[in-house]
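> no sequence for this one, just the structure:
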Ligand code: BEZ
Ligand code: FE
């Protein structure tokens, strides 16, 4: 294999995968090379631009650690995460839509019971969340596990802050289970819009292309139940800013819901609250795992 030129290089690279024993890997690598080369030809990539891209990806790697995942942010802001989510979560129309996972999920969040306050001191207006988990046939899904997580009123998730000893104290995050009829309820705080971390290369890319780093206010859910596809989604706050310009392209109309404002007074858990409080009611519909739309 000699004298490869700009017209023959793509086929030469593809041919180099001939001995790949993994058919899926071969398919993915072949397509990746075809698209990468087509892109370089399309924009007539200069050597300077190629080097800048290498430098950018190097910076994305350097800022990434176990608390900061800049590669996921890059994928999210280029719409790749949402594309992968959408094409792998096609469901019947009555099922709750999935949206982007994001980098702030934590495995093993504290367990709570229905009715508990999961805010654990997080700053924000009180918010009472309730709903039911059902299957696509309308059946209640009892004992489903809900993972819930959200930012505080300053736009930070618990994992972005540490206490004096350097530990993360979980707040506005928790796991709970639906009751036998599929119902759940908990107290947390009002979701607010927040910017994704933008003090690194992804933030610089956003400002270079004239984009803001904001996400509209939302509450994350992951819902797992035997016999159903796991649902990873958010509920967005109706009327909030950025619903039409989410930096990660995650908004679906079906996921927007009203967070009702209430004057100070007695809340659903019987507490007398001296500040305005909010409530959100949202039902989720899971797709049975054996059904593929
Ligand atoms: C989030 O909603 O937590 C999120 C999603 C994508 C990028 C950054 C944050
Ligand atoms: Fe979020």
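All right, it came through fine. In this text the structure is predicted, and so the values were computed from the model without any measurement. Ligands and ions are numbered 1, 2, ... in the order given.
> please count neighbours and contacts with C-alpha atoms only from this point.
Fine.
> mind listing the strands in this structure by residue range?
Taking DSSP state E as the criterion, the chain contains strands spanning 126-135, 145-149, 173-177, 183-189, 194-195, 214-215, 218-224, 231-237, 256-257, 259-262, 265-266, 272-273, 277-281, 284-286.
> columns mean neighbour count and distance to ligand 1 on top of these, output as JSON lines?
JSON lines is the format used below for those (neighbours: other Cα atoms under 10 Å; distance: least, Cα to the nearest ligand atom, whole Å):
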{"stretch": "strand 126-135", "mean neighbour count": "21", "distance to ligand 1": "18"}
{"stretch": "strand 145-149", "mean neighbour count": "23", "distance to ligand 1": "8"}
{"stretch": "strand 173-177", "mean neighbour count": "24", "distance to ligand 1": "12"}
{"stretch": "strand 183-189", "mean neighbour count": "25", "distance to ligand 1": "15"}
{"stretch": "strand 194-195", "mean neighbour count": "18", "distance to ligand 1": "8"}
{"stretch": "strand 214-215", "mean neighbour count": "22", "distance to ligand 1": "7"}
{"stretch": "strand 218-224", "mean neighbour count": "22", "distance to ligand 1": "7"}
{"stretch": "strand 231-237", "mean neighbour count": "24", "distance to ligand 1": "8"}
{"stretch": "strand 256-257", "mean neighbour count": "18", "distance to ligand 1": "14"}
{"stretch": "strand 259-262", "mean neighbour count": "16", "distance to ligand 1": "18"}
{"stretch": "strand 265-266", "mean neighbour count": "14", "distance to ligand 1": "31"}
{"stretch": "strand 272-273", "mean neighbour count": "12", "distance to ligand 1": "29"}
{"stretch": "strand 277-281", "mean neighbour count": "20", "distance to ligand 1": "18"}
{"stretch": "strand 284-286", "mean neighbour count": "24", "distance to ligand 1": "18"}
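> pLDDT value on residue 127, please?
Per-residue confidence at residue 127 stands at 97 (pLDDT).
> what does residue 291 give?
48.
> before we move on, what about residue 38?
We note a pLDDT of 98 for residue 38 in this prediction.
> contacting residues for it?
Applying Cα atoms under 8 Å, 6 or more residues apart in numbering to residue 38 gives no contacts.
> what residues does this structure put near ligand 1?
73, 76, 102-104, 196, 248 (Cα under 6 Å from any ligand atom).
> max pairwise distance over the residues you listed: which two?
In the residues of the chain next to ligand 1, two members sit farther apart than any others by Cα to Cα. They are 104 and 248, at 14.0 Å.
> those two: who's more crowded?
Using other Cα atoms under 10 Å as the criterion, residue 104 and residue 248 rank with residue 248 on top: 24 against 18.
> so who does that one touch?
76-79, 82, 100, 215.
> what's the local residue count around the closest residue to ligand 1 within the stretch 51-200 of the chain?
Closest residue of the stretch 51-200 of the chain to ligand 1, Cα to the nearest ligand atom: residue 102 (3.4 Å). Residue 102: 17 surrounding residues under other Cα under 10 Å.
> can you list phi and psi of it for me?
Torsion angles at residue 102 (phi, psi; degrees, to the nearest 10) stand at phi 80, psi 170.
> neighbours of the residue nearest to residue 197 when sequence neighbours are not counted, how many?
Leaving aside its sequence neighbours, residue 197 sits nearest to residue 203 (Cα to Cα, 6 or more residues apart in numbering; 7.2 Å). Applying other Cα under 10 Å, we find 20 other residues in the vicinity of residue 203.
> likewise for residue 161?
Neighbours of residue 161 (other Cα under 10 Å): 13.
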